[in-house]
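A.B. asks: this one's sequence-less:
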């Protein structure tokens, strides 16, 4: 065993003993980034000095560390993809990558990682890059601290800020993404973490998440995106401590859940969205300790949603707390705080003595006749909601909170 340890130590020391720093600047020996890459050895540090480098189609095919000094500008001049990485163990940091050429045939990117492992893309600025950071068939990487800002005007002529396709074990954290088609896009991405990102003002989704399993996303902020966040066709997803707000529009929501199984949605804030969460065909989802504040619909559940638990949530000043349009229901809604609850608590245990039915008759009317929404604040609506609460006919009888909380959590 000692023999192997000694051999590994010698190889490690030999490898790094030959690594060197190569400076790149207009007056340096190396004046171009691609030229420096071509002359570099595995493990070298390429220190790119402040300035503007009008280079595109830069290929990193060796294990190198590209580091910018005071954010040197790498300008694709609206013609090309800028940097493509095809090697393992590559780090790119401190660069300003800009002006990727728009294409309707190719998904050009500011920084592309292709079939690579153990990479880091951190603390870069990417402006007007069509696709910002694009990963394909890559594993065990980090995308951290980047600012990716586009100029998207319409979906057909714009790409995604951070795009992952067929990847595993990726950390995406502390990034700011703005003004792209989708802020963060994941397709066939497993065992990955999204944390502390801000995704704002994107044309379509702040996060678009498909066919991806065993992933976590924590403490992210999604606001003012065209349709909110879509999480679809995935299993075992944890969604904790995120903020979804100001996603308004005819087809907007905080989150769309479609065909999701065995997930946990906990400690999130849904504030001023058309729909806080829209759920379709999703099973075994736990909704715990979330705040739904001033949404149009807080939680809208359609058919095929079974074995879900909605408990210890705060429903505060929503136009409609809950919409439920499925005849089959084995979901539970006990133990939540509803600001519209007007029951009493004679034994002072903090739990209302009268069960609460969160689905209102007027919600049923609006689903059938959307134009009726203009009557939302009228006395007529209060009367029909009260009559339905006394003697339920149209609303589902088994959608009820048997232990409504008197105080919010």
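C.D. replies: Ah, there it is. Every value quoted in this text rests on a predicted model; they were computed, and no experiment measured them. Numbers count the residues shown, from 1 in each chain.

A.B. asks: isn't residue 296 right up against residue 323?
C.D. replies: No. Look at residue 296 against residue 323 with Cβ atoms under 8 Å: they stay out of range, at 9.9 Å. No exception for glycine: its C-beta is placed from N, CA and C like everyone else's.

A.B. asks: Looking at those two, which is more packed in?
C.D. replies: residue 323 (23 against 19; other Cβ atoms under 10 Å).

A.B. asks: okay, the more buried one: pLDDT?
C.D. replies: Per-residue pLDDT puts residue 323 at 89.

A.B. asks: Looks to me like it is in a helix.
C.D. replies: No. Residue 323 is assigned strand when assessed by DSSP: H, G, I helix; E, B strand; the rest coil, not a helix.

A.B. asks: Contact partners for the spatially closest residue to it that is not a sequence neighbour?
C.D. replies: Nearest residue to residue 323 in three dimensions, chain neighbours excluded: residue 300, at 4.3 Å (Cβ to Cβ, 6 or more residues apart in numbering). Residue 300 makes contact with 253, 275-279, 320, 322-323, according to Cβ atoms under 8 Å, 6 or more residues apart in numbering.

A.B. asks: Pull out the buried positions in stretch 278-287.
C.D. replies: For stretch 278-287, the neighbour count (16 or more other Cβ atoms under 10 Å) marks 278-282, 284-287 as buried.

A.B. asks: quick one: the helices in this protein?
C.D. replies: 2-17, 33-39, 361-368, 379-390 (DSSP state H).

A.B. asks: ok, the nearest residue to residue 244 once chain neighbours are set aside - how many residues close by?
C.D. replies: Spatially, and ignoring its direct neighbours in sequence, residue 244 is nearest to residue 254 (3.2 Å; Cβ to Cβ, 6+ apart). Residues near residue 254, counting by other Cβ under 10 Å, number 32.

A.B. asks: Mind splitting the chain into its structural domains?
C.D. replies: 21-220, 227-409 (automatic domain parsing).

A.B. asks: Confidence-wise, which of those is weakest overall?
C.D. replies: domain 227-409 (a mean of 86).

A.B. asks: Would you mind measuring the gap between the ends of that domain?
C.D. replies: In domain 227-409, first residue to last residue: 29 Å (Cα to Cα, to the nearest Å).

A.B. asks: just stretch 301-312 next, same as before
C.D. replies: Note: stretch 301-312 ends 18 Å apart using Cα to Cα.

A.B. asks: Okay, buried residues for it please.
C.D. replies: So, applying 16+ other Cβ under 10 Å, buried residues of stretch 301-312: 301, 305, 308-312.

A.B. asks: Distance check, the residue nearest to residue 323 against residue 55.
C.D. replies: Distance of residue 300 to residue 55, given as Cβ to Cβ, to the nearest Å: 50 Å.

A.B. asks: now residue 242
C.D. replies: Taking Cβ to Cβ, one finds residue 242 at 38 Å from residue 55.

A.B. asks: more crowded one of those two?
C.D. replies: residue 242 (26 against 17).

A.B. asks: give me phi/psi at that one?
C.D. replies: Dihedral angles of residue 242 (phi, psi; degrees, to the nearest 10) stand at phi -100, psi 160.

A.B. asks: ok, it - contacts?
C.D. replies: Residue 242 touches 217-222, 268-269, counting by Cβ under 8 Å, 6+ apart.

A.B. asks: Could I get the contacting residues of the residue nearest to residue 244?
C.D. replies: Residue 254 neighbours (Cβ under 8 Å, 6+ apart): 222, 228-229, 244-245, 247, 270, 273, 275-277, 295.

A.B. asks: do that again at 10 Å, thanks
C.D. replies: Contact analysis of residue 254 by Cβ atoms under 10 Å, 6 or more residues apart in numbering lists 206, 222-223, 225, 228-229, 242-247, 268-278, 290, 292, 295, 298-299.

A.B. asks: any idea which of the domains of the chain is most buried?
C.D. replies: domain 21-220 (a mean of 20; mean count of other Cβ atoms under 10 Å).

A.B. asks: How far away from the center of its chain is it?
C.D. replies: Relative to its parent chain, domain 21-220 has a centroid offset of 17 Å by Cα atoms, centre = their mean, to the nearest Å.

A.B. asks: What distance separates the opening and closing residues of that domain?
C.D. replies: Domain 21-220: ends 37 Å apart by Cα to Cα.

A.B. asks: go on, stretch 319-329?
C.D. replies: 23 Å.

A.B. asks: ok, now stretch 247-264?
C.D. replies: Terminal-residue distance, stretch 247-264 (Cα to Cα): 22 Å.

A.B. asks: one step back: with distance to residue 190 as extra columns, can I get the buried residues of stretch 278-287 in CSV?
C.D. replies: Supplementary listing: the buried residues of stretch 278-287 in CSV, determined by distance: Cβ to Cβ, whole Å:
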residue, distance to residue 190
278, 25
279, 23
280, 23
281, 21
282, 19
284, 19
285, 19
286, 21
287, 24
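
A.B. asks: quick one: residue 180 and residue 162 touch, right?
C.D. replies: Yes. Residue 180 lies in contact with residue 162 (Cβ atoms under 10 Å); the separation is 8.7 Å.
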